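In: Sequence below, structure please.
(chains A, B and C)
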Amino acid sequence: MSLSLALWAVLGALASGLLGLAADRFPAPAKAAVFALLGLSGLGAVLGGGDALLRGLTTAQTFPLGLPWLHWHLCLDPLSGFFLIVIGIATVAVSVYGPGYVREYEHGRQSTVPLYLFTGIFVSGMQLVVLAADAFSFMVAWELMSLSSYFLVAYQHQHAANRRAAFLYLLMAEVGGLAILLAFGVLAAFGGGFSFAAMRAAALGPGWASVAFVFALFGFGMKAGLVPLHAWLPEAHPVAPSHVSALMSGVMLKVALYGLIRFTFDLLGGPHWDWGLVLLLAGSASALLGVLYALMQHDLKRLLAYHSVENVGIICMGLGLAMIFAGTGHPRLAVLGLIAALYHTLNHSLFKGLLFLGAGAVLQRSHEGDLERMGGLIGRMPVTALFFLIGCISISALPPFNGFVSEWLTFQAALQAPALHSGVLRALIPVTAAALALTGALAAACFVKVFGVAFLGRARSRHVRHAREVDLGMRAGQGLLAALCLVFGVLPTYTVQALEPIAHQLLGRGLPSASAQGWLWLTPVSPQTASYAAPLVLAGMVLFGGVMFALLNARRRTRRVRRTIPWACGFGPLDARMQYTSTAFTHPIRRIFRPVWEIHEEVETGGDRGLRPAALRHRLHVEDRSWRVLYEPVGRWVAVAARQVGRIQTGSVRTYLAYSFLTLVVLLWLIT
Amino acid sequence: MADHLTSWVLALVQTALFVAGAPLLAGWLKRVKCRLQNRRGPRLTQPYRDLLRLFRKELLLPEGSSWVFRAAPYVIFGAIVLAAAVVPLIALRLPTSAIADVIVLVGFFALARFFLALAGMDVGTAFGGMGASREMTVASLAEPALLMAVFTLAMSAGTTDLSVAIQRILSSGLVIRPSFVFALLGLLLVAVAETGRIPVDNPATHLELTMIHEAMVLEYSGRHLALMEWAAQIKFMIYAALIANIFLPWGIAVGFGFGALALGAAAVAVKLALLAALLAVSETLLAKMRLFAAPQFLGFAYLLCLLGMLSHVILEVGG
Amino acid sequence: MNALQGLDLTRQLILLLAALVLFSSFAMLAQSRLVGLVRVFAWQGVLLAVTTGLVAYASGHTHLYASAVLTFFLKGLLIPWILHRMVLRLGLESARESDAYRTPVQLAGAGLVVFSYYVALPVVQLSALFTRNTIAVSLAVVLLGMLLMISRHKAVSQVVGFMSIENGLFFAAVVATYGMPMVVELGVAFDVLVAAILFGVVFLQIRASIDTLDVDRLNRLSESEP
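Out: Here you go, the predicted model:
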């Protein structure tokens, strides 16, 4: 039942893409149908996934598609159900938001056909990835997802930078795909088959299991944007149309994490603790570097993309903790880590989707993507601003919104380190927790910057000054996600309970202690160890703040307020250029963490008048170090290797014939 | 049931004491500091008078500010009072302390700071942005150090619930823990930075180049300013109560008897008074640092907390 | 709550002092002024002496009292005094090391502490003494001393680093086996003293011949570069 619903969702998304082919001839009806079908597909995914997750059911089916000896195995279990929900929610939000947003592209020079077509294929590909139950269909769905998203990244291909980003994305996606294929290959060789059931039965020694894990970590980590494999992500995600960026950053990264979870927890069997340590360290590095790089960005969408690197890091920290605890015989704590990671996965898809949709709204109305030219948008776009603020609070992990709950659970998992036998792990895990704390604090600084510079203060450019609020659909799409951010923040006990079937499936036990004290109290380990009553926190804040407000604003006399001119040190009227810019805001942080970035800074003073120069020119360029350290050497190495290989390319037909002939002879000799 | 009710009432009373006592602590601090500097100093009740005066004054809003500016004082006040509700001041085992553990407490502070910084940026002046930028920078270094100290405590007490942790520390008697010594020192430094005291920030200055907290609230007036000031005083008292009750928990009421509660109140009053006097001495002796010396100050705090954690793992638990 | 409660107050104090010795090593890494560095080094010597005295009291090994007194006078007073005088004579009162890599160095130091804990674990499990957990600390002090020598440019800092390595070794001897035989200890103490004096002489020579105490300049003496 739930599987067929999920399949209808896949078909719905596919059909939405195909209907998009008619967009050139019948623009209006095609658009309506495309987004309606996409929304229905998302709804189907949520319902089908929800059914599988909440009832803890596993349904499998085989389809006579694909290779003659390997039919497509599809399976819907709680884990895939959960990820279907994640995909579905974002799809629904995007389908409500989309019609308003694509209006900008309808009157452009470009056809909207590829946008509709590849969005549909992209969504159905993601849904199919989580449903696939053999390596072949998994890879087909995976490539469907990767390739269709390549076309979406390349959609606005007029700019050379976009084409370059798209190519980089394709390259990295394919290298990652290769690694995933190799990982499956190792398992298939031992399991004697490409279906997941056969792989689960494979008996691997620790050596080969580690090889498979390393391949999987590389492949899925590349897609998920783990440092140092993240460089494509901030290039590619921002270039796509914003609602697609929301899907890519909010959902596609999660599909990669799904692959990692499926591979390590399910297919490989019991995870080893040292893999967990690797993942934990990679996760903390991603979290910290992701947020530090994000801080230095002033392009809104690029900044958000770097924050995806950060959040993937946080999720991987939870997963790493789960693996460490599972590998050392603490299944209860492993469940805590896993649930923290899954919870954060859900949360990130919500708030990152929300923030990208908000960025899209700003982009559509002001045609500005650069923070340095925004400002004061809260007056022009009040609803978008409110939703964006909710997204900012959630991603900065502040109570009582959802981002806080999952980070809190991750902290709680990390604080259970004293249960471990190994002293080094006991010492290392709290240090990574401190790195997570630093990440959270820096993220808050970053989003104060984003919201403060973009929405508060005064407008810094003409477009922004005349921006208007977006239409109802776009507001509704953001509103849906914003409301869910609050719901999942305030009702963590229900969420944790709903996630338990996955823990049962992967680790063989749940986390009954988390909700043992009733729905109000979230007590992950025991009520003596830690508790968090999110509904009461919300109620308390509303109560204390509200009572004060009521008391102070009760009398009519006090309600009247006078507006005055802010203090500007007597320099005459304030203007927008007196405000702190995004670059100025992060200057102290740039100074403190200087070695992290590659900073090129030039200051030129002109019109020499001693201490008071007439002109000042400041150029600042902050680069990602991973380029210089990792990618450029690899690129050079590949170029050298290609030149070596190029020697056999003589250009003469006879030589190529000789190659073919020799190959044939060798093959004939080999098979006899 | 009656017992249940009593404990909730007690929790509310304790919160009220927190809120009402915070200006007194600020007045005491100011007075001690004045005496140390050979000045007479204002009366102990002066902060109450200041608050009252501000509440009565007319409210002025800067041009171009949005609802964020008007909502921020209430959000900040709400978050800080809620934080005060979960910190054990006089008695342990109150039901409010289970609402949030110490990590959530740090989250409340972060929420308040988030809105404070946004309010600073809402005005659209250079001061607001400057204050917000500096505040977030200092906080992003102080918060991990704070959490590191908290983790050390949590690991040796086996809980992040403040009430339970204090109870366990209390029941284990006088034990010298190296980790606690480091955590205490680290926490003191963090508290100084987070509450905007000398040498990180100077609460008494309006000098453009040096201020952090004052720069953000520069445009506030009337009841908004009163709420902001009050919230800052409560936050200061929360830090003081945390340090006093975690590291010197003796005297805090474990049961809800009248005698125990009275003793608890007296003990905490003495502890807070001593702590504030200590701060007054250090503020008299030290000068404010440059802003860019603050990272080193906080880096040192972070190092102390890290060493506390490591010495817990190495020396106290061992192989 | 943990094993600490089983120990009496003296032993708890010893652990605290061990932690403080470790802290003083970090404080040396953080000090950029030479005078401050020497002062911290003196404090480390004093802490070491007090720890030795307490170990003597707790374990009843009377010869440790003697080495405590010796440590106090030698490492807490005499050597710091010599070093301090040297700094003054060389006119380095206000000299600072550059703080370019201070934070990474300190983080590396924290990493070294974890590493030495990892290395010392097997040894710790063999020992039955109550001080066994401090073996990791003493190893860390040795490694941090080396880190100090590596990360500094001024020759005086390197001497302090060297002396602090010796402090770590001495500390290890005290906590792991309740001290070395008296003869050995006296010999080592004398060696260190002679080393301090010799270093002083060498400094004056170096400065007289190449006019700086920056050890990075010593590679000018190499013949490969003109």
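
In: Secondary structure element for residue C:39, which one?
Out: helix C:34-59 (DSSP states H and E).

In: wait, I meant residue A:74
Out: strand A:70-76.

In: I'd like the distance from that strand to the chain centre, please.
Out: Taking Cα atoms, centre = their mean, to the nearest Å, the mean C-alpha location of strand A:70-76 is offset from the chain mean by 27 Å.

In: rewinding a little: tell me which residues of the helix holding residue C:39 come out buried.
Out: C:34-35, C:37-59 (16 or more other Cβ atoms under 10 Å in any protein chain shown). Every C-beta, even on glycine, is put in place using the N, C-alpha and C of the backbone.

In: likewise stretch B:3-18?
Out: B:7, B:10, B:11, B:14, B:15, B:17, B:18.

In: Excluding chain neighbours, what is closest to the fifth one?
Out: Among residues not flanking residue B:15 along the chain, residue B:85 sits closest, at 4.4 Å (Cβ to Cβ, 6 or more residues apart in numbering or on different chains).

In: Wait, that neighbour touches residue B:11, no?
Out: Yes: using Cβ atoms under 8 Å, residue B:85 is in contact with residue B:11, at 6.8 Å.

In: How about the residues of chain B by chain C?
Out: Within chain B, the positions near chain C by Cβ under 8 Å from any Cβ of the partner chain are B:156-158, B:168-169, B:172-179, B:181-182, B:296, B:299-300, B:303-304, B:306-307, B:310-311, B:313-319.

In: Now a ChimeraX select for only the buried ones of these.
Out: The following ChimeraX line selects those of the residues of chain B next to chain C that are buried, judged by 16+ other Cβ under 10 Å:
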select /B:156,157,158,168,169,175,176,177,178,179,181,182,296,299,300,303,304,306,307,310,311,313,314,315,316,317,318,319
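
In: Distance of residue B:53 relative to residue B:229?
Out: 11 Å (Cβ to Cβ, to the nearest Å).

In: More neighbours: which of these two?
Out: Neighbour comparison, residue B:53 and residue B:229: the larger count goes to residue B:229, with 21 against 11 (by other Cβ atoms under 10 Å in any protein chain shown).

In: check which helix or strand covers the more buried one.
Out: Here residue B:229 sits within helix B:222-247, counting by DSSP H and E.

In: Kindly report the same for residue A:256.
Out: helix A:253-261.

In: Any part of the next helix or strand after that helix near chain C?
Out: Downstream of helix A:253-261, the next assigned helix or strand under DSSP H and E is helix A:273-295. No: applying Cβ under 8 Å from any Cβ, one finds helix A:273-295 separated from chain C by no less than 12.0 Å.

In: Specify the angle between whichever helix or strand comes after helix A:273-295 and helix A:253-261 in degrees.
Out: For helix A:273-295, the following helix or strand on the C-terminal side (DSSP H and E) is helix A:300-327. Angle between the axes of helix A:300-327 and helix A:253-261 is 20 degrees (criterion: axes from the mean of the first three to the mean of the last three Cα atoms, to 10 degrees).

In: Which strands and helices lie in contact with helix A:300-327?
Out: helix A:233-236, helix A:242-247, helix A:253-261, helix A:273-295, helix A:331-366, helix A:402-415, helix A:423-454 (3 or more Cβ pairs under 8 Å, 6 or more residues apart in numbering or on different chains; DSSP states H and E).

In: And it, what's buried?
Out: A:300-327.

In: ditto for stretch A:631-638
Out: Within stretch A:631-638, the residues scored as buried using 16+ other Cβ under 10 Å are residue A:631.
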